[in-house]
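In: Provided below for reference: sequence and predicted model.
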Amino acid sequence: MSAPAPSPRDRQVRVASFVLVTLVGLWLLWPIPLGHPPLSKDHTVHLTRIWAWADVLAHGAPRGWSEVWFFGTPIGEVYPILGDALVVLLRVCSIGLLDWHQAYALGFTVVFVSQGWALLRLGRMCGLGPLPGLVAALLCLCDAGAYREGGWIYTVDYGVWPQTLANTLTWLGLGEAMLAADCDDARPRAAAIGRAALAFGGALLAHPITLVVLALCVPLAIASGLRTRARLVPTVVAFAIALLLGLGLAAWWVWPMGGMRMWMVSYGWLWQPLSWMVDQAQRGHLIQGMPMAVSSLVAVGVVAVAIFGNPAARVFAACGVLLWLWTAEDTLWDLRLDLVSPAFGQMQWQRFLIACKPGLLLAAGAAIGLAWRAVLGGLRRGGPARIAGIALGLVGVGMLAWCVRDSAEVMSKLAVGAPQVAYDPEDPSLTDDYAALAQWLDAKRRAEGDVRWRVMVAAPRNLHWFMDMPVRTGVPMYKAGFTPGDNFVHKPEADTPALLDRLDVRYVVTRRGSVRDAVVVERFGALKLWERKRWAPQGSARLLGTGALEVLQDDPGRGIVQLRVTGTAPDTRLVFDIAGYPRWQLEHDGREVTWVETPAVGDGPDATIAERRSGALRGGKAEGDDGTEPTLIAAPARDGLWTLRYRVWGGKDVLALAISLLAAAVTILLRVRSRRFDLADRIDLALEIAGGGGNPRQGPPRRPWLRPWMVAAAAVLAVAAWAMKVRSGHQRERTQAIGWVDDGIAEVNGAHAGPLKTDMLVHPAVLLQPSRVRPRPDGSAPTRPATQVRFPAVTLTERLTGWFALDDDAAKMRPEGRHTLVIELSDGQGGWITIFDRKVPHGPGRQWLDLPTDAAAGTTVDLRVRIESDGLAPPELGFDLDLGAPKGP
């Protein structure tokens with residue numbers, strides 16, 4: 001049955017709750033809702049990417065190429081686009097009344113406050129009135145959060161808000177799908193399915209983490225949300241239709257994006273072990289930044305909902321707990337998900353804490369709702385029940401007061417509610433200086449017309465006040481240092497002269513530093529504008545070797561570079577100062593030519609499209625690309641006409657768009673009544689047939705089309721597929737040191753098999769994780785016992801290969817200890833022969849081993865890896881060796 005229409009009082013309560021949540025959100029963000037953009041950390045990067053995508057859209061394409069950063073970057077494809085689309089829509093709808101900064105401010109406001117709006121709606125599904133949603137919404141908006149854990153710090157201060165938008169829509173979709181599953185009336189059910197599909201589709205367009213969250217939560221929602229066995233068919237069908245339509249709606253972007261995943265940078269980061277998370281929870285912090293009072297209320301709510309909650313409340317709490325558990329490092333390793341798909345080694349696992357928060361906060365709100373219901377029930381019954389109800393109500397009020405006090409303390413300490421709307425809060429004059437600089441650069445660009453040049457700024461990782469320079473001036477820029485907000489793999493960070501030459505860097509902006517081989521051409525308050533002496537105008541292409549090049553058309557931003565080459569020699573090479581990406585098609589005299597990626601500087605090896613697509617180049621340098629990675633498009637040069645063209649549309653793109661258009665049409669039909677065709681009635685009829693309820697036109701079927709054993713069989717097949725992938729991966733690892741240790745063949749003292757983050761990926765390795773020790777009274781570090789791993793009966797080849805590495809994060813910090821790695825072979829007489837003895841350099845990245853075994857080649861020996869560590873806190877170290885298959889079964 002459909003839900004009864006809300007009473008006038010219910011409507012008033014809903015409006016009041018909506019207004020309160022909206023006002024709290026606006027108050028926290030003030031003055032951003034007035035059009036003052038947030039300018040901390042990543043915000044200016046997002047704004048520039050949105051501006052670049054709008055330029056592509058203005059030329060009639062959903063995706064394209066922009067020269068705004070690096071050696072160019074794909075726009076509208078490798079970074080989620082829903083948040084960008086919201087800002088573009090606001091800008092367009094304002095008919096020019098809003099500039100880009102104002103449109104961004106309003107779009108960000110909508111994303112932030114919509115968290116509360118969604119929780120209000122989800123809270124009503126808990127069947128406890130407005131309290132669960134209201135409490136959850138206010139706790140969510142006031143959440144301080146932490147780095148990579150959402151809340152104010154990550155969403156507002158760091159400016160990482162696309163996942164917040166995806167999270168809001170994912171949870172909203174789950175709620176709408178549950179409404180559809182629990183509804184017996186055809187039209188309300190179809191409407192709820194349509195809303196769920198729109199939410200799922202939007203979430204997929206907002207952030208790809210949605211795929212993993214849905215894969216985890218939908219089966220759990222179906223299992224824990226069932227009221228009776230009879231609801232199985234409508235529940236499964238409702239979720240299936242909503243998911244298929246959501247995937248279809250997002251297919252036009254998700255499918256092409258998935259094909260480009262090897263051209264997306266890896267950010268593989270593990271979170272803490274589950275034991276650490278449980279220990280922190282026992283100390284009163286389920287999640288970093290979550291006050292003890294809120295964590296306690298969440299814990300009470302999860303238990304209360306499990307016992308007294310309705311199916312929707314149980315689903316929300318269960319999904320929240322599952323995502324919290326999923327975040328732990330143990331998940332990847334115990335399930336060996338790295339063997340199932342390399343993508344699991346590229347994820348930032350800590351970000352799943354963002355995904356779990358709505359479910360946990362709804363459980364906290366449900367605890368208050370249950371307490372209030374108990375109060376009302378006790379007051380109606382009287383006697384001891386009244387006393388118990390009043391006592392429970394006082395406990396609830398006390399918990400809320402505790403939450404308010406603790407949250408207020410954390411908010412005050414972490415400046416929640418004080419967004420940065422100045423380029424530098426400690427130097428207000430920077431705003432005017434920067435405006436003058438932007439005006440000068442804009443005038444320079446207009447005066448010189450088609451001359452290509454770029455502006456560079458060197459800055460630390462999270463300092464980006466200058467990154468909206470292209471929006472203000474139209475001038476491409478380059479940041480020497482990490483640039484967030486763009487997932488393209490070709491993101492150089494170095495500032496070597498050779499790399500800056502290739503990037504067309506003409507000007508360098510500094511506040512305090514100086515620039516070598518450059519002169520100051522203008523000053524704008526504290527800002528200095530330097531012009532590099534060695535800069536000279538150049539085109540997008542050049543020849544390495546004999547020959548001449550005539551540029552006929554040079555507009556990479558519009559997807560076309562055309563030139564004529566003459567006088568080449570057999571070894572002449574044509575290089576485009578444009579980053580490699582599969583949509584670039586190179587033609588010579590009308591025939592397609594295969595190109596490779598070549599380093600921008602240095603003489604490193606090339607990479608083919610096939611090599612990159614295979615995953616051979618997956619990962620990266622923890623300290624950033626210095627220009628020596630395969631990057632630029634290159635091919636052997638021959639005389640003739642050369643054309644480099646960016647293909648916006650391919651067969652896959654057209655098919656994906658057709659799927660999205662079909663899904664959109666079906667979603668619209670869910671809300672349309674027609675005498676000839678009523679999709680809601682067709683779904684109702686399908687449910688009757690699938691559930692065994694009968695078809696009046698064909699007679700009742702003997703058995704339901706969908707039965708519980710079929711769902712169970714699907715789950716078994718999924719587990720079997722996982723087991724087969726893991727088993728296959730284990731077979732591959734049998735020849736590695738990691739496999740010998742994991743299978744218990746090696747004799748281990750002080751090490752274990754586990755995941756190591758190195759080269760921006762999570763790799764299985766034999767791990768040494770030294771604990772921090774206290775210094776001796778004289779300040780020196782105590783002696784540590786050596787770690788030893790002995791591999792018995794290894795049959796050696798002529799070379800022993802492998803690698804060792806420090807954890808990326810630890811390697812970038814100041815060293816508090818060192819390791820010495822020793823590899824030894826048994827000599828058959830009780831002694832050991834050392835074939836490798838070296839101090840492990842303190843730096844990120846794998847160190848490759850290729851050791852001659854000399855006379856021992858072809859023999860079977862014991863191999864020992866000995867690691868001697870010193871210092872108070874030596875960094876985490878991992879290694880792996882190619883040992884061959886062990887002896888025996």
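Out: Looks like it arrived, so ask away.

In: I'd like the mean pLDDT over stretch 199-218, please.
Out: For stretch 199-218, the mean per-residue pLDDT is 96.

In: what residues of it count as buried?
Out: For stretch 199-218, burial by neighbour count (16 or more other C-beta atoms under 10 Å) applies to 199-214, 216-218. C-beta coordinates here come from the backbone N, C-alpha and C atoms, glycine included.

In: mind checking which of these are in helices?
Out: 199-206, 209-214, 216-218 (DSSP state H).

In: starting at the chain centroid, how far to stretch 337-355?
Out: 9 Å (C-alpha atoms, centre = their mean, to the nearest Å).

In: and if you look at stretch 782-795?
Out: 38 Å.

In: correct me if wrong: residue 76 contacts residue 53.
Out: Yes - if you go by C-beta atoms under 8 Å, residue 76 and residue 53 touch, sitting 5.0 Å apart.

In: overlap of the contact sets of these two?
Out: residue 84 (C-beta atoms under 8 Å, 6 or more residues apart in numbering).

In: please, where are all the strands along the stretch 551-700 of the chain?
Out: Using DSSP state E, counting those that start in this stretch, the strands of the stretch 551-700 of the chain run over 560-566, 573-579, 584-588, 591-593, 596-599, 607-608, 630-636, 640-646.

In: average pLDDT across stretch 285-302?
Out: 94.

In: return the set of buried residues in it.
Out: 285-291, 293-302.

In: ok, now stretch 773-785?
Out: 781, 784.

In: check stretch 265-285 too.
Out: Buried-residue list, stretch 265-285, by 16+ other C-beta under 10 Å: 265, 266, 268, 269, 270, 271, 274, 277, 280, 281, 285.

In: contacting residues for the spatially closest residue to residue 793 that is not a sequence neighbour?
Out: Distances taken as C-beta to C-beta, 6 or more residues apart in numbering place residue 887 nearest to residue 793, at 4.7 Å, with adjacent residues excluded. Going by C-beta under 8 Å, 6+ apart, residue 887 touches 793, 795, 860.

In: quick revisit: reformat the strands of the stretch 551-700 of the chain as a markdown table; add mean pLDDT.
Out: Shown next, in a markdown table, are these (pLDDT from 0 to 100):
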| stretch | mean pLDDT |
| --- | --- |
| strand 560-566 | 94 |
| strand 573-579 | 94 |
| strand 584-588 | 95 |
| strand 591-593 | 94 |
| strand 596-599 | 94 |
| strand 607-608 | 93 |
| strand 630-636 | 94 |
| strand 640-646 | 95 |
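
In: can you add distance to residue 63 and mean neighbour count and give those back as TSV?
Out: What follows is these, written out as TSV (distance: least, C-beta to C-beta, whole Å; neighbours: other C-beta atoms under 10 Å):
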stretch	distance to residue 63	mean neighbour count
strand 560-566	16	17
strand 573-579	15	22
strand 584-588	13	18
strand 591-593	21	12
strand 596-599	20	22
strand 607-608	23	17
strand 630-636	18	21
strand 640-646	9	19
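
In: is the closest residue to residue 874 other than its chain neighbours bridged to anything, and to what?
Out: Nearest in space to residue 874, with sequence neighbours left out and distances taken as C-beta to C-beta, 6+ apart, is residue 817 at 3.1 Å. Residue 817 forms beta bridges with residue 871, as assigned by DSSP bridges.

In: next, count neighbours for residue 817.
Out: Look at residue 817: counted by other C-beta atoms under 10 Å, it has 18 neighbours.

In: ditto for residue 122
Out: Neighbours around residue 122, by other C-beta under 10 Å: 28.

In: secondary structure class for it?
Out: helix (DSSP: H, G, I helix; E, B strand; the rest coil).

In: phi first, then psi, for residue 603.
Out: phi -120, psi 40 (degrees, to the nearest 10).

In: gap between residue 36 and residue 106?
Out: Residue 36 sits 10 Å away from residue 106, going by C-beta to C-beta, to the nearest Å.

In: these two - which one has more neighbours?
Out: Per other C-beta under 10 Å, whichever of residue 36 and residue 106 has more neighbours is residue 106, with 20 against 16.

In: wait, the more buried one sits on residue 99?
Out: No - between residue 106 and residue 99 there is no contact under C-beta under 8 Å: 11.1 Å.

In: and the closest residue to residue 252 other than its chain neighbours, what does it touch?
Out: Spatial nearest neighbour of residue 252, chain neighbours left out: residue 660 (4.0 Å); criterion: C-beta to C-beta, 6+ apart. Residue 660 sits next to 248, 249, 250, 251, 252 when contact means C-beta under 8 Å, 6+ apart.

In: what sits closest to residue 328 if chain neighbours are left out?
Out: Here the residue nearest residue 328, using C-beta to C-beta, 6+ apart, is residue 274, at 3.9 Å.

In: in contact with the one you found, which residues?
Out: Neighbours of residue 274 in contact, by C-beta under 8 Å, 6+ apart: 325, 328, 329, 330.

In: same check on residue 219?
Out: Contacts of residue 219 by C-beta under 8 Å, 6+ apart are residue 715.

In: again with the one 5 residues further on
Out: The neighbours of residue 224, taking C-beta under 8 Å, 6+ apart as the test, are 311, 314, 315, 318.

In: check which helix or strand it maps to.
Out: helix 209-225 (DSSP states H and E).

In: same check on residue 792?
Out: Going by DSSP H and E, residue 792 is in strand 787-795.

In: any stretches of this protein with poor pLDDT?
Out: 1-4, 225-230, 673-678, 680-681, 684-706, 888-889 (pLDDT under 70).
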